[in-house]
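# dropping the sequence and predicted coords here.
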Amino acid sequence: MDCHGIRQHAGDAIDRSLRNDVAAEFEAHLRRCSPCRREIALERLSKFLVRKHVQWTETPRSTYGAILLALRLEYQSSSPIIPAFAHWLFQWRVVIPALSGGIAALLFFSLVTTKINPSYPMTAHTASNDLINQSLKNFALLKSGKLEPGLVSSVPESVRGFLQKSNLQFGVQMPSIQNCDWCAGSATEEGGVKQAHLIYKIGNELVYVFEVSDDDALYGTQVSLPPAAKRALAQSGWYTDPDHPDCNVVLWKTDEAVCVAVSTMGKGRLLSHLTTR
């Protein structure tokens, strides 16, 4: 199956109504094609959001009865003349679904563009395998001196070379943080998921960066992310997690990795460091 076939079968695949043989081809293509995999993941997430937050409303009985009456009159009449009310109704039968679809689209647009509420369930990251949770725990271990890196150096290229030799199977993203006192790195594996850890010391501040492959973060089963984070990463490549009074959490995505940065420095300053190339 090629990319065109993926687009043709996307709706049935999301509804889980594909034949087994077609579903197998569909999933096989997604495993080898990152653009299609991301597109389908976004569509699945969009459908989940609509199902969760857009409530279906039963057709009013008066409208239901009027439609049945119009249909009955149309089929019983021997002439093509339709009563005025029925003519008006059928004139609008295409417009009404279009309007309802537009309203649903408007509701969905307002849903995904509304400022995130920290208590909103789409941002919750309570799962034990959640990347944000793991990053916060690792940051706490780092501050307490219990997280020891594999290499510490004042030369970032030395840390980059160390991680490149660590068989991580994805390209590690090293933010170019200027004027750092030192940086450090280590590579670990948990549950079959390769992990990279980066630490930057800037004056009295620490920046911790936790990285895994984008396949593991967005499409795997061993680690997870909140739906709001997945949506934001798919749309813009960036996500700032709300409601952390003691630190700031920023996620971003590269072609091969999803990165989570945690620091006590201000969000604006942290973002300026992370976006420097």
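Good, I have the coordinates.
# can you get me a residue count around the closest residue to M1 other than its chain neighbours?
Excluding the flanking residues, the one nearest M1 by Cβ to Cβ, 6 or more residues apart in numbering is E25, at 4.2 Å. Where C-beta positions appear, they are placed from N, C-alpha and C, glycine not excepted. Per other Cβ atoms under 10 Å, the neighbour tally for E25 reads 16.
# which strands and helices lie in contact with whatever helix or strand E25 lives in?
Secondary structure from DSSP states H and E places E25 in helix 20-32. Packing partners of helix 20-32 (3 or more Cβ pairs under 8 Å, 6 or more residues apart in numbering; DSSP states H and E): helix 3-14, helix 34-53.
# need the ones you listed in CSV (columns: mean neighbour count, distance to A229 and mean pLDDT).
What follows is the helices and strands packed on helix 20-32, written out as CSV (neighbours: other Cβ atoms under 10 Å; distance: least, Cβ to Cβ, whole Å; pLDDT from 0 to 100):
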stretch, mean neighbour count, distance to A229, mean pLDDT
helix 3-14, 14, 20, 82
helix 34-53, 15, 11, 71
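# any chance of those in JSON lines, plus distance to K137?
Formatted as JSON lines, those follow (distance: least, Cβ to Cβ, whole Å):
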{"stretch": "helix 3-14", "distance to K137": "34"}
{"stretch": "helix 34-53", "distance to K137": "26"}
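# so for T264, which of the ones you listed sits nearest?
When the helices and strands packed on helix 20-32 are compared by Cβ to Cβ, helix 34-53 sits nearest T264, at 31.3 Å.
# doesn't L206 lie inside a strand?
Yes - according to DSSP: H, G, I helix; E, B strand; the rest coil, L206 belongs to a strand.
# surely it and K143 touch.
Yes - counting by Cβ atoms under 8 Å, L206 touches K143, with 6.9 Å between them.
# look at these two and report which has more neighbours.
The neighbour count for L206 versus K143, taken as other Cβ under 10 Å, is higher for L206 (17 against 13).
# output the below-cut-off pLDDT ranges for the stretch 1-150 of the chain.
The model of the stretch 1-150 of the chain has pLDDT under 70 over residues 47-66, 68-126.
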